[in-house]
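Enquirer: Turn this into a structure:
(2 chains)
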Amino acid sequence: ETGVTQTPRHLVMGMTNKKSLKCEQHLGHNAMYWYKQSAKKPLELMFVYSLEERVENNSVPSRFSPECPNSSHLFLHLHTLQPEDSALYLCASSQALTRQITRAYEQYFGPGTRLTVT
Amino acid sequence: GNSVTQMEGPVTLSEEAFLTINCTYTATGYPSLFWYVQYPGEGLQLLLKATKADDKGSNKGFEATYRKETTSFHLEKGSVQVSDSAVYFCALSGPPSNSNSGYALNFGKGTSLLVTP
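Expert: Reported below is the predicted structural model:
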């Protein structure tokens, strides 16, 4: 595998279900991101992990719970979602910032998980 | 705060036509600038980047020049192909208005390009 992979590619879940999205990066990066992409809305940054610590939680509802067990893997745990949560969920990775480098690096994206909440 | 403005789409061109997608930005400091492309059913792919003023990023026949004096990073291609049909996103390093994170890239809303044979 190369680049950033995401599973599953498609997911349909009911509002009472619990499911998890998985992301894995093979680029040697140590920062990982979750984005939400909805139709006709700008790309929304949800969470950022750097060196396995969460550094950004962009006012995301608690029904979305991220987990980063190591620098190569990122999960998004979902429970009691709403229909408006239906979207494409994108994972990305990049090099981590340092005290010397404070300008964001380019990010590399996975193919996304198309989530439909019924 | 930082922001990116892209031309509204969709843009429809015939094959071999010249492409320009405008992108202007507002930012403090010296951001890096990026163009990403999203093909149907896929994630975003980095197309090209420029990290300082007057840099030209190029890839797959696409080019964009970092113009600090006009705060622009317009994407151009001399001869588009049907396979270039996709959504193109301009982005800059530096947080959007709803984030304080230095990690955040500030994305434009995207411009849809359709190339017809």
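
Enquirer: Could you pull up phi and psi at the most centrally placed residue in chain B?
Expert: Chain B has B:Cys90 as the residue nearest its centroid, 2.9 Å off, counting by C-alpha atoms, centre = their mean. Torsion angles at B:Cys90 (phi, psi; degrees, to the nearest 10) stand at phi -90, psi 140.

Enquirer: Bridged to it, which residues?
Expert: B:Trp35 (DSSP bridges).

Enquirer: Provide a list of residues in contact with it.
Expert: B:4, B:6, B:21, B:23, B:25, B:33-35, B:73, B:75, B:107-108 (C-beta atoms under 8 Å, 6 or more residues apart in numbering or on different chains). Where C-beta positions appear, they are placed from N, C-alpha and C, glycine not excepted.

Enquirer: ok, now A:Glu67?
Expert: Here A:Glu67 is in contact with A:74-77 (C-beta under 8 Å, 6+ apart).

Enquirer: and if we set it to 7 Å?
Expert: Contacts for A:Glu67 (C-beta atoms under 7 Å, 6 or more residues apart in numbering or on different chains) come out as A:75, A:77.

Enquirer: For the chain, which segments count as strands?
Expert: No chain in the question, so chain A it is. A:4-7, A:10-13, A:18-25, A:31-37, A:44-50, A:53-57, A:64-70, A:73-79, A:87-94, A:108-109, A:113-117 (DSSP state E).

Enquirer: The intended chain is chain B.
Expert: Under the criterion DSSP E, strands of chain B are mapped to B:3-6, B:11-14, B:19-21, B:23-26, B:33-38, B:44-50, B:56-59, B:62-65, B:75-77, B:86-93, B:105-107, B:111-116.

Enquirer: could you give the angle of the longest one to strand B:111-116?
Expert: When you say that, I think you mean strand B:86-93. 150 degrees (axes from the mean of the first three to the mean of the last three C-alpha atoms, to 10 degrees).

Enquirer: how big is the angle separating strand B:86-93 from strand B:44-50?
Expert: Using the same axes, to 10 degrees: strand B:86-93 against strand B:44-50 is 50 degrees.

Enquirer: looking at the chain, which helix or strand is least sure?
Expert: Picked chain A for this. strand A:53-57 (a mean of 80; mean pLDDT, DSSP states H and E).

Enquirer: that's the other chain; I wanted chain B
Expert: Quick look at chain B via mean pLDDT, DSSP H and E: least confident is strand B:105-107, a mean of 87.

Enquirer: got the residues of chain A near chain B?
Expert: Residues of chain A lying close to chain B by C-beta under 7 Å from any C-beta of the partner chain are A:31, A:42-43, A:45, A:48, A:50, A:55-56, A:58, A:90, A:97, A:102-104, A:106-112.

Enquirer: could you flag which of those are buried?
Expert: Buried members of the residues of chain A next to chain B, counted by 16 or more other C-beta atoms under 10 Å in any protein chain shown: A:31, A:42-43, A:45, A:48, A:50, A:56, A:58, A:90, A:97, A:104, A:106-112.

Enquirer: Any stretches of the chain with poor pLDDT?
Expert: Because you didn't say which chain, this covers chain A. A:1, A:98-102 (pLDDT under 70).

Enquirer: look at chain B instead
Expert: Counting by pLDDT under 70, the ranges of chain B that qualify are B:94-102.
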